[in-house]
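K.L.:
curious how this folds, go ahead:
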Amino acid sequence: MKRFVPFVKNDPTVAVVRLAGVIGTSGRGALSDAALGPTIEKAFARGRPAAVALVINSPGGSPVQSSLIGARIRRLADEKGIPVLAFVEDVAASGGYWLAAAADEIFADESSVIGSIGVISATFGAHELLGRHGIERRVHTAGTSKSMLDPFRPEDPKDVERLKTLLEDIHGNFKAHVTGRRGARLTNEQDLFTGEVWLGRRAQALGLIDGIGHLVPVLKRRFGDKVKLRRYDLRRPLMARLGMRVLDDAFNQIEERAAFAQFGL
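P.N.:
Below you'll find the model as predicted:
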C-alpha cells in the first residue's frame with residue numbers, strides 16, 4: 001500500500017528483462033523482435049522504473065533481429081528517459097553483443113565471453129555425394145543469381161564474391177552500431193572487429209564493457225539496498241513449458257547448443 005500514500009517516497013524499482021538464447025525467428029524460445037516486443041514495452045512502461053536491466057546470455061544469430069531488438073530498446077530508453085544497464089552471463093557474442101551495446105552501460109562476469117563482432121555464413125556442399133549415388137540436380141531459374149550458393153551444385157566463385165559483399169555490408173552495419181554506442185570508450189590500440197572474443201577483464205580493458213559486476217550487487221550500489229527488481233521473461237508457448245516438443249523444435253535446440261558450443265559453453 002505504500003505506493004498509494006501521498007508524499008511518501010517509494011523504493012526504486014528496476015525492470016529486469018532476460019535475453020537468453022539464439023537470436024532469430026525460428027524455434028520456440030528464439031529471441032525475435034516480434035516475440036520480445038511486448039515484454040520490452042511492458043518493462044519500460046510499467047511503474048516508471050528507475051532503470052531497465054538486460055540480462056544477456058546469447059551467442060548471437062540473426063543480424064536483422066538483433067538490430068530490431070536493439071533499436072526498440074534504444075527508442076524506448078530515449079523516449080522515456082530511462083537508463084539501460086546490460087549484465088552478461090556466459091556469453092554476449094555477435095548478435096548477443098549487439099544487444100548488450102544497446103545499453104548505456106555493460107557489466108559482465110570475469111569469465112563471460114564478449115565480442116565476436118563479425119558476420120558468418122555457413123552451409124554445406126553435397127554435389128559429390130549426389131553424383132556418387134547417381135542423383136542429378138535439376139535447377140531452372142529466371143535470373144542469373146537466383147540459385148546462388150545452391151549446396152547441391154558445385155560452388156561458383158562469382159557466388160562466393162557476391163556473398164562476401166553481403167557479409168561485408170552487414171559487418172559494416174555491426175561496426176557502426178558498436179562504435180556509435182561505445183564511442184570513445186573503445187580502445188584504438190587493437191582491432192576489435194575481427195570476430196575475436198575476450199573474457200570479462202580483457203573486454204573491459206578494450207572498452208567493450210564498463211565493469212565487472214553482477215546484477216543484484218551493481219543495482220544495490222546504484223539504487224540502494226531497498227531496490228526492487230521486477231522481472232520480465234520471454235514466455236514460451238504452453239506446450240513447450242510442459243515439455244512437449246515437436247521434432248523441428250528438437251533440431252532447433254541442437255542448433256542452439258551448437259551456437260553456444262563454439263564459445264566452449
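K.L.:
separation between residue 88 and residue 97?
P.N.:
Separation of residue 88 from residue 97 (C-beta to C-beta, to the nearest Å): 9 Å. C-betas here are computed from N, CA, C, even on glycine.
K.L.:
what about the residue most central in space within the chain, which SS state?
P.N.:
Nearest residue to the geometric centre of the chain (C-alpha atoms, centre = their mean): residue 96, 2.7 Å. Following DSSP: H, G, I helix; E, B strand; the rest coil, we place residue 96 in the helix state.
K.L.:
what's the burial count for the closest residue to it other than its chain neighbours?
P.N.:
Using C-beta to C-beta, 6 or more residues apart in numbering and skipping residues adjacent in sequence, the residue nearest residue 96 is residue 58, 3.3 Å away. Residues within reach of residue 58, counting by other C-beta atoms under 10 Å, total 28.
K.L.:
hmm, residue 58 is touching residue 93, no?
P.N.:
Yes. If you go by C-beta atoms under 8 Å, residue 58 and residue 93 touch, sitting 7.5 Å apart.
K.L.:
follow-up on the earlier one: what sits in contact with each of residue 88 and residue 97?
P.N.:
The contact sets of residue 88 and residue 97 overlap at residue 114 (C-beta atoms under 8 Å, 6 or more residues apart in numbering).
K.L.:
between those two, which one's more packed in?
P.N.:
Neighbours were counted for residue 88 and for residue 97 using other C-beta under 10 Å; residue 97 has more, 31 against 27.
K.L.:
so what's that one up against?
P.N.:
Residue 97 neighbours (C-beta under 8 Å, 6+ apart): 60, 114, 115, 116, 117, 178, 208.
K.L.:
so who does the residue nearest to residue 96 touch?
P.N.:
By C-beta under 8 Å, 6+ apart, the contact list for residue 58 reads 19, 20, 21, 22, 23, 31, 91, 92, 93, 95, 96, 99.
K.L.:
measure the fourth one to residue 58 for me?
P.N.:
When you say that, I think you mean residue 22. Distance from residue 22 to residue 58, by C-beta to C-beta: 7 Å.
K.L.:
what is in contact with the two at once?
P.N.:
residue 31.
K.L.:
doesn't residue 59 make contact with the residue nearest to the centre of the chain?
P.N.:
Yes. Counting by C-beta under 8 Å, residue 96 touches residue 59, with 6.0 Å between them.
K.L.:
buried residues in the helix or strand containing residue 37?
P.N.:
Applying DSSP states H and E as the criterion places residue 37 in helix 33-45. In terms of neighbour count (16 or more other C-beta atoms under 10 Å), helix 33-45 has its buried residues at 33, 35, 36, 39, 40, 43, 44.
K.L.:
kindly report the same for stretch 188-206.
P.N.:
192, 193, 197, 198, 200, 203, 204, 206.
K.L.:
same thing with stretch 104-111?
P.N.:
Under 16+ other C-beta under 10 Å, the buried positions of stretch 104-111 are 105, 106, 107, 108, 109.
K.L.:
how near is the first one to residue 217?
P.N.:
Right, residue 105. When residue 105 is compared with residue 217 (using C-beta to C-beta), they lie 14 Å apart.
K.L.:
now the lengthiest strand in the chain and helix 33-45, what's the angle there?
P.N.:
If you go by DSSP state E, the chain has its longest strand at strand 84-93. Interaxial angle, strand 84-93 versus helix 33-45 (axes from the mean of the first three to the mean of the last three C-alpha atoms, to 10 degrees): 150 degrees.
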